[in-house]
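J.: dropping the sequence and predicted coords here.
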Amino acid sequence: MLNFKLKKVKKIILIASALLVVISLNAQNWETNFDVAKQKASDEGRNIVLVFSGSDWCIPCMKLEKEIWESPEFIKESNNHFVLLRADFPKKKNNRLSKEQQEANEHLAEVYNKQGLFPMVAVLDKNGKVLGTTGYKHVSPNEYIAMLHSFEK
C-alpha cells in the first residue's frame, strides 16, 4: 500500500514538473525598467517593443494583450527576437504601481507617448530610437508580428 502511494506521489511530481517546464517555455519576460531593457537589447542584439497600456481600464489594451501578446506565435517570436518593455497605467486602486514605477512610466510617456495614446506600441532600437509605432489592430498574431518587423527595415 505504501509503495503504491509513493508511486502515485512520484507520478504527480513528474507531471507537475513537466507542466512547469511547458509554462516557463511559453512565458514572456516583460521588463518594466527602461535601462534594463536597453542593456538587454544591446547585449542580445535585439530591438525593444515598448507597450503603453492601461491594463485594467483600456479595452483595446486588454484585446491586444489577449489576442497578440498572449498568443503562442508572439510568445515564440518575442522570446527569439524582441526585448519587451511595458509601461502600464492602471487606474484601479488594487492595481496601483509603486510610486517609483509610476514615475518611470510617466517619464517614458513624456518621451515616447506625448499624445497619451492607449494602447501605443513603439519598436525601438537598442539605443531607444523609435523605429515605428502602432496600436491595437484587429489582425492575426502573425500579421501583427510582420508589422512590428516592418519597422525594423
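T.: Looks like it arrived, so ask away.

J.: who's in contact with the residue minimising distance to the centre of the chain?
T.: Central residue of the chain (Cα atoms, centre = their mean): Trp30, 4.3 Å from the mean position. Residues near Trp30 by Cβ atoms under 8 Å, 6 or more residues apart in numbering: Leu84, Leu85, Arg86. Glycine gets a C-beta too; all of them are placed from N, C-alpha and C.

J.: recalculate using a threshold of 7 Å.
T.: Trp30 makes contact with Leu84, Arg86, according to Cβ atoms under 7 Å, 6 or more residues apart in numbering.

J.: tell me the bridge partners for it.
T.: Note on Trp30: beta-bridge partners Leu84, judged by DSSP bridges.

J.: from Lys114, how far out is it?
T.: Counting by Cβ to Cβ, to the nearest Å, the gap from Trp30 to Lys114 is 23 Å.

J.: pull the residues that contact stretch 58-78.
T.: Applying Cβ under 7 Å, 6+ apart, the contact partners of stretch 58-78 are 26, 28, 53-55, 84, 118-119, 136, 141-142, 144-145.

J.: repeat that for 6 Å
T.: For stretch 58-78, contacts defined as Cβ atoms under 6 Å, 6 or more residues apart in numbering pick out Asn26, Gln28, Ser53, Gly54, Leu84, Phe118, Pro119, Tyr136, Pro141, Asn142, Tyr144, Ile145.

J.: tell me who's in contact with the second one.
T.: The one in question is Gln28. Ile75, Ser78, Leu84.

J.: please redo it, this time with the cut-off set to 8 Å
T.: Trp69, Ile75, Ser78, Asn79, Leu84.

J.: ditto for the third one
T.: If you count contacts by Cβ under 8 Å, 6+ apart, Ser53 has them with Cys61, Leu64, Glu65, Arg86, Ala87, Asp88, Phe89, Phe118, Pro119.

J.: now with 10 Å?
T.: If you count contacts by Cβ atoms under 10 Å, 6 or more residues apart in numbering, Ser53 has them with 60-62, 64-65, 69, 86-90, 105, 118-121, 136.
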